[in-house]
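Asks: Return atomic coordinates for the entry below.
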Amino acid sequence: MQKKRSIFLYPLSLLYGLVTDTRNFLYNARIIKSVEFGIPVICVGNITAGGTGKTPHTEYLIDLLRKKFNVAVLSRGYKRRTSGFRLADITSTINDIGDEPWQISRKFPDITVAVDGNRVRGAKKILEIKPETGVIIMDDGYQHRRLIPGFSILLTEYSRPMTRDHLLPYGNLRESIHNTNRADIIIITKSPENISPMQKRILAKEIRKAPYQGLYFTSIKYQNPVPVFNDLKNDHNEFDLAKNKDCGIVLVTGIANPDPLLEFLKTRFGEVEHLRFEDHHSFTSADIEKINLTLKKLKNASGFVFTTEKDAVRLRGFTNIAEPLRSLFYYIPVGVNFLNNDKEEFDNLIVNYVRKNKRNNRVSERKRHP
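Replies: As a prediction, the model looks like this:
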């Protein structure tokens, strides 16, 4: 969804651009020191505020690497109610570490998940506590210049590429478009499955990638709905898409860009009502009541509540939702699919980077060339 723009915000965008460009210049000129770790560090990020698909791409990397290496994920833990460094464990809550790190820690219990707004401190702590760590995936870390990643993946969305946007607050860009030069790979996410070679060439030309940068296209892979509440996850409660295709759906989202999911559901179900909340929304009892009322107003008497995997994490906090409403909540897991048979090439590129950059347990401060 495109941001509504006010021309009065444009001067502020110019000022914001001056500040961010000055900051990047100081790092590029090596006036401000950056820290490099003697371990592979992969950064997954964007220069667009929200909605590019960082979490599913981070989870893709985790799944790719965790059977070969000891993987750690470092996030800032957006909207958590704690500060400083936190290592996720079985007792961690969303308030402790944030919804996305909590989701990752529960989905991949065999890896290390930590949060810290100071990425350098966070990486040091991870290596102190988990010295066997073989690779750190830095989630949403493209603007964190203090920590030098060995490999940077930059995401931009097909329907709203970064080249057609403007700097905050007039637009959604966190920094100027020329700073894409720090990326090793650019991924155009949420691309249509049937994208034509011509469309690919047009976007590739528009992105203006450097010769050293790889360019990949991924699409969203929606999976079968799963009950939101863990005690209802069994064979009896598996959602039958064919059987329920005529049912009504209430879609509940608190993510930056729910439009692709909404359009997907409209092609599968005859009636879809959308309750849209702000990104990382903390649901309330009033919200649950609103969901229930919307469900009752569906034309089809047989209806379900669908949500995202990220929102399901926050909705599980409502343990007092009564039946039959409780059993009607499902979330849609999301994966990524590399188009044009590029999956093998991408996978090999990532695995080879990690293998070739052996850990030496050394933390060194140096200044990196832009």
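
Asks: Return the per-residue confidence for S6.
Replies: If you check S6, the pLDDT there is 86.

Asks: Next, it: phi, psi?
Replies: phi -110, psi 130 (degrees, to the nearest 10).

Asks: how many other residues sit next to it?
Replies: 10 (other CB atoms under 10 Å). Placement of C-beta: from N, CA and C, glycine included.

Asks: Quick check: the gap between it and H166.
Replies: With distances taken as CB to CB, to the nearest Å, S6 is found 12 Å from H166.

Asks: all strands of the stretch 101-250 of the chain, in order?
Replies: 112-115, 135-139, 147-148, 151-157, 185-189, 214-222, 226-227, 248-253 (DSSP state E, counting those that start in this stretch).

Asks: tell me how far the third one is from the chain's mean position?
Replies: Averaged C-alpha coordinates place strand 147-148 at 20 Å from its chain's average position (CA atoms, centre = their mean, to the nearest Å).

Asks: Kindly provide the whole-number mean pLDDT of it.
Replies: Per-region confidence: strand 147-148 scores 98 on mean pLDDT.

Asks: That strand pairs with which strands, parallel or anti?
Replies: Strand pairing for strand 147-148, determined by DSSP bridges: strand 34-37 (parallel).

Asks: Could you do the longest one as well?
Replies: Strands flanking strand 214-222 in the sheet, each with its direction: strand 185-189 (parallel), strand 334-338 (antiparallel) (DSSP bridges).

Asks: residues in contact with the last one?
Replies: Contact partners of strand 334-338, identified using CB atoms under 8 Å, 6 or more residues apart in numbering, comprise 53, 56-57, 59-60, 189, 193, 216-223, 261, 308-309, 343, 346.

Asks: and the gap between V41 and L155?
Replies: Counting by CB to CB, the gap from V41 to L155 is 17 Å.

Asks: Looking at the strands of the stretch 101-250 of the chain, which is nearest to I291?
Replies: For those, proximity to I291 was assessed by CB to CB; strand 248-253 is nearest, at 5.9 Å.

Asks: got TSV for the strands of the stretch 101-250 of the chain, with distance to N24 and mean neighbour count too?
Replies: Formatted as TSV, those follow (distance: least, CB to CB, whole Å; neighbours: other CB atoms under 10 Å):
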stretch	distance to N24	mean neighbour count
strand 112-115	25	25
strand 135-139	18	27
strand 147-148	14	21
strand 151-157	14	23
strand 185-189	18	23
strand 214-222	22	18
strand 226-227	42	18
strand 248-253	33	24
